[in-house]
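**Q** Below are the sequence and a predicted model for it; my questions follow.
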Amino acid sequence: MKSYNVAILGATGAVGTRLIDQLAHSTVPVKSLKLLASSRSAGKTIDFKGEPITIEEATPEAFDGVDLVLASAGGGVSKRLLPEAVKRGAVCVDNTSAFRMDPTVPLVVPEVNADQLKNHHGIIANPNCSTIQMVVALKPVLDKFGLKQIVVSTYQAASGAGQSALNEFFQQAQDYLNGKEMQSTILPTGSDKEHYPLAFNLLPQIDVFEDDGYTHEEWKMIHETKKIMLNDMDAEGLKVTATCVRVPVPISHGESVYFEVADDKATTDDIKAAIAAGEGVVLQDDPDHQVYPQPLTAEGKRETFVGRIRPDRENSGAFHLWVVSDNLLKGAAWNTVEIAERLVADDLVRVPE
C-alpha cells in the first residue's frame, strides 16, 4: 500500500492537536509526519502514535518532500504558505476561511459532496464548523425530498473562537462565581471595538458585522451552504438565512433549523427515516424518553447528532430539527482528516498537471 509524507500546519492549536489524534486513528497510511507551527513552538515535541515528533517552524522549505498537508493555522498563514506547499507537490486540506469562496477550490464535506474532490488544483477547503453539521443533517433530506429554504439559528460554543477564547470563558465563569469583575478582551470578535463576557451570557455576534446587518459568520453559513449543496455560492435554487449566537458552552455547537422541502407529500416519519439512514448522522429523537442531542454527549465524537424533528404547524411542507456536533472534531479536525481519507482512497493525493 502506498504511504504518504504528511505535514500538519498549526500543530499546537486546539484544532491542530486534534488533527494529530484524528490522523493517528485514521486510515491514512503515514510514512512520515511533520508538525509545523510558529517559531515560538519550534523545538517542542508532541507524540504521534507513541513517538515524540519535534515541532518545526512553518516555512515554505518545510514542505519539501511533503505529499499531504492538513492546515489549521489561521487564514493569513494558509494564504502565505499553502500555495508554496502546492508548488512543492503537496495537496493541502485547509481548515481556515482563506480559500472557501474561491470558485476554483472545492469546499467539501465528505458525506455531502465528496465528488468535488476530483476537481482540486492542490487545495481543498474545509467549511465553517457551523455549516458542516447542518449540511450533514440536511443532505439526506435534499436527496430524497429536495430543499427550498433553510432558516437556521446557531448556538455556538466558546471553543469555536479558539483556545484563548475558551480559556477566557473559563476564567470569566470562575470570576463571576467568586464575585469578581469579569474581564473581556476577545469576544464577540477580537478585531471589533467592544468586548463582552460570554460566561452566563449570550452574544448575538460572531465575527464582524457586514453592511447589511448580518455578521460575517452568518454570511459564511449562507454562501457555504449553497456552494456545498448546489456547487454555487450564490445559487438561487435554495434560500438560506442564518442567525449566529455564541453561547456559554465549551465544546459542541447546537443549531435550530427550519427547512422547507420540495416534496409536499413528505411526512415527519419520512424525514426521520431519511436522516437516520444518512452517512455520519445519528438520530437521537425520542421525546417520550427525553432523548435529544446535547453538547455534553456530542463532545469527543465524530458523528453529527439530530433530533427534535417535527412539522411546522403553520406552513405545509416545512419542518424543524435540532442538530449538535463537536465543532472541533466534525466541525474541524475530523472533517479535515476525513477529506484526507477520501483523497487517499480515490488516489487524489497529487497536484494536477
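**A** Received it, and whenever you're ready, just let me know what you need. Numbering: from 1, shown residues only.

**Q** what helices or strands is the top helix by length along the chain leaning on?
**A** Identified as the longest helix of the chain according to DSSP state H is helix 129-145. Judged by 3 or more C-beta pairs under 8 Å, 6 or more residues apart in numbering; DSSP states H and E, helix 129-145 is in contact with helix 110-113, strand 147-156, helix 216-230, strand 253-261, helix 268-276, strand 281-283, strand 304-311, strand 318-325. (Glycine included, C-beta is placed from N, CA and C.)

**Q** In it, which residues are buried?
**A** 129-142, 144-145 (16 or more other C-beta atoms under 10 Å).

**Q** which stretches of this structure have low pLDDT?
**A** Applying pLDDT under 70 to the chain flags no residue at all.

**Q** just the helices in it please.
**A** Under DSSP H, the chain gives helices at 14-24, 75-87, 110-113, 129-145, 163-177, 216-230, 268-276, 295-298, 334-345.

**Q** Chain neighbours aside, what residue packs nearest to P29?
**A** S3 (4.0 Å; C-beta to C-beta, 6 or more residues apart in numbering).

**Q** How many residues are close by the one you found?
**A** Other residues near S3 come to 12 when the count uses other C-beta atoms under 10 Å.

**Q** what sits against the residue nearest to G331 when sequence neighbours are not counted?
**A** Nearest residue to G331, sequence neighbours excluded (C-beta to C-beta, 6+ apart): C129, at 2.8 Å. Residues in contact with C129 (C-beta atoms under 8 Å, 6 or more residues apart in numbering) are 156, 160, 253, 325, 327-328, 330-332.

**Q** sorry, back to before: could you single out the nearest of the buried residues of helix 129-145 to A266?
**A** F145 (4.5 Å; C-beta to C-beta).

**Q** these two touch, right, the closest one and D270?
**A** Yes - F145 is in contact with D270 according to C-beta atoms under 8 Å; the separation is 7.2 Å.

**Q** how about the CA coordinates for stretch 227-241, as PDB?
**A** Coordinates of each C-alpha in stretch 227-241 appear next as PDB, following Å, rounded to 0.1, in the frame of the first residue of the first chain:
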ATOM      1  CA  LYS A 227     -21.700  26.200  -2.600                       C
ATOM      2  CA  ILE A 228     -21.600  22.700  -0.900                       C
ATOM      3  CA  MET A 229     -25.200  21.700  -1.700                       C
ATOM      4  CA  LEU A 230     -25.600  23.300  -5.200                       C
ATOM      5  CA  ASN A 231     -22.000  24.000  -6.200                       C
ATOM      6  CA  ASP A 232     -22.700  27.700  -6.400                       C
ATOM      7  CA  MET A 233     -22.300  30.100  -3.500                       C
ATOM      8  CA  ASP A 234     -24.900  32.400  -5.000                       C
ATOM      9  CA  ALA A 235     -27.400  29.700  -6.100                       C
ATOM     10  CA  GLU A 236     -31.000  31.000  -6.200                       C
ATOM     11  CA  GLY A 237     -32.400  27.500  -6.000                       C
ATOM     12  CA  LEU A 238     -32.100  27.300  -2.200                       C
ATOM     13  CA  LYS A 239     -32.900  30.100   0.200                       C
ATOM     14  CA  VAL A 240     -30.700  30.200   3.300                       C
ATOM     15  CA  THR A 241     -30.900  32.600   6.300                       C
END
